[in-house]
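**Student:** what follows is a protein structure lacking sequence information:
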């Protein structure tokens, strides 16, 4: 199997918490090495340590590659450099918006609290929004509400 074929298989694996994004689009797959026709090393970086989806994603990588005929699979959890929201592909940022999740704001810095105001609404694009909670549906998101359309939405925090 070629590296491109392996990447095509991995592109089909979706993040359980953001099911319209693949692990490739999220930047979680750092590299794939094909050492023999049936031996593959996948370098994988979780979005953050302790993410509950990590085990599930790794199991799906193993299942999908085994189903494709790969006999020897090694998943190397690569923690350095750590995953950041800068790992999102441009397509992933648009898919976040389509799913009703505001992508990371360019002026929000890693490690800072989410901004209290001004995150663009993924539904109507208004920046007349307010922070409701620093924690949204998952630990990597914050909960906002749009004052223009009234819609609540998740914001993917920078990290």
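**Tutor:** The structure has been received and is ready for your questions. This structure is a prediction, so every number in the text was calculated from the model and none was measured.
**Student:** sec struct for the spatially closest residue to residue 120 that is not a sequence neighbour, please.
**Tutor:** Once flanking residues are discounted, residue 120 sits nearest to residue 127: 5.3 Å by C-beta to C-beta, 6 or more residues apart in numbering. For every residue, glycine as well, the C-beta is placed using N, CA and C. The three-state assignment at residue 127 reads coil, by DSSP: H, G, I helix; E, B strand; the rest coil.
**Student:** for the chain, longest strand please?
**Tutor:** Identified as the longest strand of the chain according to DSSP state E is strand 29-36.
**Student:** against which helices or strands is the following helix or strand past that one packed?
**Tutor:** Next in sequence after strand 29-36, counting helices and strands by DSSP states H and E, comes strand 39-44. In terms of contacts (3 or more C-beta pairs under 8 Å, 6 or more residues apart in numbering; DSSP states H and E), strand 39-44 is packed against helix 3-11, strand 29-36, helix 53-67, strand 72-77.
**Student:** and the chain, what are its domain boundaries?
**Tutor:** 3-83, 88-156 (automatic domain parsing).
**Student:** about what we covered before: in a markdown table, list the helices and strands packed on strand 39-44 along with distance to residue 137 and mean pLDDT.
**Tutor:** Formatted as a markdown table, the helices and strands packed on strand 39-44 follow (distance: least, C-beta to C-beta, whole Å; pLDDT from 0 to 100):
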| stretch | distance to residue 137 | mean pLDDT |
| --- | --- | --- |
| helix 3-11 | 24 | 96 |
| strand 29-36 | 24 | 94 |
| helix 53-67 | 12 | 95 |
| strand 72-77 | 25 | 96 |
